[in-house]
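Peer 1: Need a 3D model of the following:
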Amino acid sequence: MSTVKHDALHGKTLEQILTTLVEHYQWGGLAERIDVRCFKSDPSIKSSLAFLRKTPWAREKVEQLYVKLQRAG
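Peer 2: Have a look, this model is predicted:
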């Protein structure tokens, strides 16, 4: 599984990953899937990136959701 995860994330920045997820799920859908305040309260790419860069467990969840989306698509 780590090989699949690595391949889906290879060459992608956190900003690209987050932008793709927001385009697909919108902020509300993203907040339903990953329960963090930066997705619920006045969300923005900039504030979310700042949070995710400082919070490894949240970044991991975002990356896992991205990999899942890539597999489904």
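Peer 1: Where does the residue nearest the centre of the chain fall, secondary structure wise?
Peer 2: Central residue of the chain (CA atoms, centre = their mean): Val62, 3.0 Å from the mean position. Using DSSP states H and E, Val62 sits in helix 56-72.
Peer 1: what's that helix in contact with?
Peer 2: For helix 56-72, contacts defined as CB atoms under 8 Å, 6 or more residues apart in numbering pick out 4-5, 8-9, 12, 14, 17-18, 20-21, 24, 30, 33-34, 36, 51-53. (Glycine included, C-beta is placed from N, CA and C.)
Peer 1: just the buried members of the residues you listed?
Peer 2: 5, 8-9, 14, 17-18, 20-21, 30, 34, 36, 52 (16 or more other CB atoms under 10 Å).
Peer 1: ok, then the element right after the helix or strand bottoming out on mean pLDDT in the chain?
Peer 2: Ranking every helix and strand in the chain by mean pLDDT, DSSP states H and E puts helix 2-9 at the bottom, with a mean of 68. Going down the chain from helix 2-9, the next helix or strand is helix 14-33, by DSSP H and E.
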